[in-house]
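Engineer: Got a predicted structure here, sequence first:
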Amino acid sequence: MSEASKHLVKFSDVSKKFGVVSALDKVSFEIGHGEFVFITGPSGAGKTTILKLILAELLPDSGKVEVGGVNTGNLKESETPLFRQKIGVVFQDFKVLMERTVAENVEVALAVIGLPEKEWSERVKHVLKLVGLTKQTNLFPAQLSGGELQRVSLARALVVNPMILLADEPTGNLDWETSDSVMELFEKINKEGKTVIMATHNKEIVKKHQKRVIHIVGGKISKT
Ligand SMILES: Nc1ncnc2c1ncn2[C@@H]1O[C@H](COP(=O)(O)OP(=O)(O)OP(=O)(O)O)[C@@H](O)[C@H]1O
Ligand SMILES: [Mg+2]
């Protein structure tokens, strides 16, 4: 493995401003392969900004963001889609397509990467089993609970076998019991080797899961 890819994610003195707002101020950290890391901090702290920088949806004003040995500041526009395929993302509001079935929602991700259609059904079946949605395969989102919807979005993120799974407040719209089972699923996925980076301000979840925490306050890393 090259020196550059020893860490899966590396922030070196990363700063990002929006107008006069300093969203991140000289933030540095490293995340290794297979880690499960919480990014915590109050609303407006800069958590989502960190995730967007990892995805290269944003670029730093100064400093360097490296993901899998790639400096996002050096990505050409033509390289961005392939780069993003290596990162699965799950959001608070699920972002599922309401007019498509569970299986079809997952297939969309495979269509995007151009996987031949004959290989879809096996991949979809496998990932839906992983997230516990085999019975729901042919249902529509309107027929599912919040926890099940989050499992659909997890399945869609995982089906392309990304290097990293990013989650932005994945339990923000779920009640405690449902959050708990979704978190168990994230734990299981991490135990199988996937690197998980999760932004949350849910202190109960962070306390229960005992993972490494990067705590951000006002755009700076702070002690918890
Ligand atoms: N596109 C943008 N334009 C202007 N300001 C922005 C933009 N994105 C983020 N900000 C500002 O940057 C700061 C950090 O925002 P960010 O979304 O990263 O916070 P967060 O920690 O994810 O908060 P929350 O817990 O509410 O999701 C905030 O002050 C926010 O208003
Ligand atoms: Mg946020």
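Structural biologist: Done, it's in. Ligands and ions are numbered 1, 2, ... in the order given.
Engineer: Need the mean per-residue confidence for stretch 154-162.
Structural biologist: Computed over stretch 154-162, the mean pLDDT rounds to 96.
Engineer: Any residues of the chain in contact with ligand 2? List them.
Structural biologist: Neighbours of ligand 2 within the chain, by C-beta under 5 Å from the ion: 47, 48. For glycine as for every other residue, the C-beta is placed from the backbone atoms N, C-alpha and C.
Engineer: how does it look with 6 Å?
Structural biologist: Taking C-beta under 6 Å from the ion as the contact definition, the chain meets ligand 2 at 47, 48, 168, 199.
Engineer: Can you give me every residue that contacts the second one?
Structural biologist: If you count contacts by C-beta atoms under 8 Å, 6 or more residues apart in numbering, residue 48 has them with 168, 199.
Engineer: what separates the residue lying closest to residue 95 once chain neighbours are set aside from ligand 2, distance-wise?
Structural biologist: Once flanking residues are discounted, residue 95 sits nearest to residue 153: 6.3 Å by C-beta to C-beta, 6 or more residues apart in numbering. Taking C-beta to the ion, to the nearest Å as the measure, residue 153 falls 16 Å from ligand 2.
Engineer: Now do the helix or strand where residue 88 lies: distance to the chain's middle.
Structural biologist: According to DSSP states H and E, residue 88 maps onto strand 87-91. Offset of strand 87-91 from its chain centre (C-alpha atoms, centre = their mean, to the nearest Å): 3 Å.
Engineer: Surely residue 219 touches residue 23?
Structural biologist: Yes - between residue 219 and residue 23 there is a contact under C-beta atoms under 8 Å: 5.5 Å.
Engineer: Now do the shared contacts for the two.
Structural biologist: 16, 46, 49.
Engineer: The second one touches residue 216, doesn't it?
Structural biologist: Yes - with contact taken as C-beta under 8 Å, residue 46 and residue 216 are classed as touching, separated by 4.9 Å.
Engineer: Need the residues touching each of those two.
Structural biologist: By the contact definition C-beta under 8 Å, 6+ apart, residue 46 and residue 216 are jointly contacted by 24, 27.
Engineer: Which positions within stretch 103-119 qualify as buried?
Structural biologist: Judged by neighbour count (16 or more other C-beta atoms under 10 Å), stretch 103-119 contains these buried residues: 103, 104, 105, 106, 107, 109, 110.
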